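[1] Have a look at this prediction, sequence included:
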Amino acid sequence: MAILECRNIKKVFDADEAAITALNDVSMSVDAGEFVAIVGRSGSGKSTLLNILGMLDKPTEGEVFFEEKNVREMSEKERSTQRNTSFGYVFQSFFLEPEYTVSENVEMPLVIAGMKASERTDRVRELIEIVGLTERKGQKTKKLSGGEKQRTCIARALACNPSIVLADEPCGNLDTANSAEIMKLFREITKRGSAVLMVTHSEEDAAKADRILYMKDGSISNEKQ
Ligand SMILES: Nc1ncnc2c1ncn2[C@@H]1O[C@H](COP(=O)(O)OP(=O)(O)OP(=O)(O)O)[C@@H](O)[C@H]1O
Ligand SMILES: [Mg+2]
């Protein structure tokens, strides 16, 4: 079953002088537990698509379906709940709280979701173990390496057992060894039942996915053009 799907998405940005068509008739889907990579040049529309699929932005035209439900027909409250509980977001620029520890950053979505403090402690421990940061859990995230920060983001994204993790250039700041670790982590995530949709410039990272989609000038294709 497709858990996330878009049909005929068009996105036009109204820039100062000329309108920019960032996405043009994009249709695609991700199945439950699937690991899909999107590859494309800078400016091809990858982040725009990810933001629309993740309910962070709206398309100019076209429909997005989450678990077969049309996102346009959801209330703002429903979309907000889905963002907090069904999606995990991993972005290149981290958005971690630098003065908070690894544990505190990972705990945040659980607080928002209303989980009891006693349950949170166990869940946070488990998440930090999954990403291999147990020994760093009390460290402020501003003192972590790029790879460790990224793994903290992934633990945080997994906190509420999302149906899908959306990752925008998760390895953009990382070396080859750290990137390979993140790819392994994504594979494990899918074994736990979450799907992963990852945007990347790296063909090497993309090759670890179940399926690769190619973006070019706002269009998407199964074939490299
Ligand atoms: N808020 C915005 N306002 C105007 N134009 C935008 C906006 N966001 C993106 N664009 C334009 O839309 C196009 C696609 O941008 P997008 O960020 O989706 O590309 P990308 O594939 O993610 O690139 P990169 O690999 O550099 O991150 C670009 O031409 C960009 O300049
Ligand atoms: Mg981008």
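    Received, thanks. Ligands and ions are numbered 1, 2, ... in the order given.

[2] So which bits of this structure are right by ligand 1?
    Proximity of the chain to ligand 1 (CB under 6 Å from any ligand atom) is limited to residues 13, 15, 20, 22, 40, 42, 43, 44, 45, 46, 47, 48. Just so you know, the C-beta spots here come from the backbone N, C-alpha and C atoms, and that holds for glycine as well.

[3] go with 8 Å
    Contact residues (CB under 8 Å from any ligand atom) of the chain with ligand 1: 11, 13-15, 20, 22-23, 40-51, 168-169, 199, 201, 215, 218.

[4] Just the buried residues from the residues you listed, in ChimeraX please.
    Those of the residues of the chain next to ligand 1 that count as buried under 16 or more other CB atoms under 10 Å are selected in ChimeraX with:
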select :11,22,23,40,44,45,46,47,48,49,50,51,168,169,199,215,218
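
[5] now could you export just the CA positions of the helix with the most length in the chain as PDB?
    The longest helix of the chain (DSSP state H) is helix 176-191. Only the C-alpha atoms of helix 176-191 are listed here, as PDB (Å, rounded to 0.1, in the frame of the first residue of the first chain):
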ATOM      1  CA  THR A 176      31.900   8.700   3.400                       C
ATOM      2  CA  ALA A 177      32.200   6.600   6.500                       C
ATOM      3  CA  ASN A 178      29.500   8.600   8.400                       C
ATOM      4  CA  SER A 179      27.300   8.600   5.300                       C
ATOM      5  CA  ALA A 180      27.500   4.800   5.100                       C
ATOM      6  CA  GLU A 181      26.500   4.600   8.800                       C
ATOM      7  CA  ILE A 182      23.400   6.800   8.200                       C
ATOM      8  CA  MET A 183      22.400   4.600   5.200                       C
ATOM      9  CA  LYS A 184      22.700   1.500   7.400                       C
ATOM     10  CA  LEU A 185      20.500   3.300  10.000                       C
ATOM     11  CA  PHE A 186      17.900   4.100   7.300                       C
ATOM     12  CA  ARG A 187      17.800   0.400   6.300                       C
ATOM     13  CA  GLU A 188      17.300  -0.600   9.900                       C
ATOM     14  CA  ILE A 189      14.500   2.000  10.200                       C
ATOM     15  CA  THR A 190      12.600   0.300   7.300                       C
ATOM     16  CA  LYS A 191      13.000  -3.000   9.100                       C
END
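
[6] Could you chop the chain up by domain?
    With domains defined by automatic domain parsing, the chain comprises 1-86+162-225, 98-160.

[7] what about the helices in the protein?
    For the chain, the helices defined by DSSP H cover 46-53, 76-85, 102-112, 117-130, 146-158, 176-191, 203-206.

[8] As JSON lines, those with mean pLDDT would be great.
    Below are the helices of the chain laid out as JSON lines (pLDDT from 0 to 100):
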{"stretch": "helix 46-53", "mean pLDDT": "96"}
{"stretch": "helix 76-85", "mean pLDDT": "92"}
{"stretch": "helix 102-112", "mean pLDDT": "94"}
{"stretch": "helix 117-130", "mean pLDDT": "93"}
{"stretch": "helix 146-158", "mean pLDDT": "89"}
{"stretch": "helix 176-191", "mean pLDDT": "89"}
{"stretch": "helix 203-206", "mean pLDDT": "92"}
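
[9] Any chance of those in CSV with distance to residue 35 as columns?
    Listed next are the helices of the chain as CSV, based on distance: least, CB to CB, whole Å:
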stretch, distance to residue 35
helix 46-53, 15
helix 76-85, 21
helix 102-112, 22
helix 117-130, 16
helix 146-158, 14
helix 176-191, 5
helix 203-206, 10
